[in-house]
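Colleague: here's a sequence, model it:
(chains A and B)
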Amino acid sequence: MVEQLEPLVVIAGPTGSGKSHLALSLAEDFVGEIVNCDSVQVYRHLDIGTAKLPTAARRGIPHHLMDIIDPDAIFTAGDYARAARNTLREISGRGRLPIVVGGTGFYLRALLHGLFEGPIRDNALRAKLADRKTPLHRILKRLDPAAAARIHANDTQKLIRAIEVCLVTRRPMTSLHREGSTPLSGYSAVLIGLDPPRDLLYRRLNERCAEMFAGGLVNEVEAILAMPFSQDAKALESIGYRQAVGVLAGQMSVEEAIENTQQSTRQYAKRQLTWFRREAGVHWIPGFGDAAETYHAAKELVQSAFSRAR
RNA sequence: GGACGGGUGGGUGAGUGGUUAAAGCCAACAGACUGUAAAUCUGUCCCUCCUUGCGAGGUACGAAGGUUCGAAUCCUUCCCCGUCCA
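Modeller: Now for the predicted structure:
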């Protein structure tokens, strides 16, 4: 007896590829609800710089996991996966089609494939590690040689996590990895990847960044800084936001901020592409999400997946 | 017209006779990624060829000559740029 699988649509792709637009159209066609999978759109008050779809433009389609935490909160891939899985169940429970939309590959992987059973962050331990004189890579080599072989000596962030896992669990992280993770179950997912021509994408990103600043990004940041949140809010280190902070601090002109944001955004889009290209089972569509051909191709994919699942 | 300073690979900028096809940084391109992921990190980066090697050859430091076994580095002339004096 084969278990009945719930349908699930995932739209991935680089920033600015038109994921939100496509998601909206598909949600209307298939009675869907949208689940955000973007690590910055989860933050409240960060609207302009994240290109968050304004409520008025959502055409009445419910959007989940957007605006769920304050700018100074830490939200990890694990947090995301848990929240998203709950949301998915809820949507499916009401007979609607969940459509996961996002550019954060790591979050998507955590949702779909799960993470290993590791400990959560231990900030005190991390602070202690940062003070150690011994090179982190050497420490990890002693605790977990296999992990040390995989993580580059310069990759401090990943070295710290690996050491943290070893110290907290008193086991090498590699052996925990071997025990596997819990993938999302009960769903049959169609993965759609948006891959518009690079030059057109970059052009669109450049325009969008300039529009963000013209549209009040600096004011948005100023307002956030005036709120009772920690001034070193992690969310404000995101692309566009850190530049806006720089403008307010008098460290750069608006022109420089725009240019810098455009460049960072392009590089980010490139990294997203690298991540998603590696993801298995993605149906790539070589255009923007708001193009008619893309929409038709995507609709067809979803339709055929439906008939298979039912 | 005169006096200095300077012209280096896509950008910036080291390099002042020989392991220099030329540091570093940036950009670009490619890649990695198991709880900070819009983060963090890695590789490639003049051209051609192959037996893909700390391989072979060809070009290259404004231009043209020259000195030298050997020059981005020294000399000469020319061109261009900057600052100052007329």
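Colleague: check for me that residue A:101 belongs to a helix.
Modeller: No: per DSSP: H, G, I helix; E, B strand; the rest coil, residue A:101 lies outside any helix segment and is strand.
Colleague: is it correct that it is in contact with residue A:32?
Modeller: No: counting by Cβ atoms under 8 Å, residue A:101 stays clear of residue A:32, with 10.3 Å between them. (Glycine included, C-beta is placed from N, CA and C.)
Colleague: intersection of neighbour lists for the two?
Modeller: Common neighbours of residue A:101 and residue A:32, counting by Cβ atoms under 8 Å, 6 or more residues apart in numbering, are residue A:23.
Colleague: between the two, who's got more neighbours?
Modeller: For the pair residue A:101 and residue A:32, the greater number of neighbours falls to residue A:101 (30 against 23), based on other Cβ atoms under 10 Å.
Colleague: so what's the more buried one bridging to?
Modeller: Assessed by DSSP bridges, residue A:101 has beta-bridge partners residue A:11, residue A:36.
Colleague: any idea how far residue A:161 lies from residue A:33?
Modeller: Using Cβ to Cβ, to the nearest Å, residue A:161 is found at 33 Å from residue A:33.
Colleague: just residue A:256 next, same as before
Modeller: For residue A:256, the distance to residue A:33 - Cβ to Cβ - is 40 Å.
Colleague: same check, this time on residue A:20
Modeller: Taking Cβ to Cβ as the criterion, residue A:20 is separated from residue A:33 by 13 Å.
Colleague: isn't residue A:97 right up against residue A:29?
Modeller: No: Residue A:97 lies out of contact with residue A:29 (Cβ under 8 Å); the separation is 9.3 Å.
Colleague: more neighbours, those two?
Modeller: residue A:97 (20 against 14).
Colleague: any idea how far the helix ranked longest in chain A is from the chain center?
Modeller: If you go by DSSP state H, chain A has its longest helix at helix A:254-278. Offset of helix A:254-278 from its chain centre (Cα atoms, centre = their mean, to the nearest Å): 14 Å.
Colleague: show me how far the very next helix or strand once past it is from its chain's centre.
Modeller: For helix A:254-278, the following helix or strand on the C-terminal side (DSSP states H and E) is strand A:282-285. Offset of strand A:282-285 from its chain centre (Cα atoms, centre = their mean): 18 Å.
Colleague: helices and strands around whichever helix or strand comes after strand A:282-285, which ones?
Modeller: Helices and strands here follow DSSP H and E; after strand A:282-285, the next one along the chain is helix A:292-309. Packing contacts for helix A:292-309, counted by 3 or more Cβ pairs under 8 Å, 6 or more residues apart in numbering; DSSP states H and E, involve strand A:6-12, helix A:19-30, strand A:187-194, strand A:282-285.
Colleague: same thing but 6 Å
Modeller: Applying 3 or more Cβ pairs under 6 Å, 6 or more residues apart in numbering; DSSP states H and E, one finds that helix A:292-309 contacts strand A:6-12, strand A:187-194, strand A:282-285.
Colleague: show me the contact partners of it.
Modeller: Applying Cβ atoms under 6 Å, 6 or more residues apart in numbering, the external contacts of helix A:292-309 come out as A:5, A:7, A:9, A:22, A:25, A:188, A:190, A:192, A:283, A:285, A:287.
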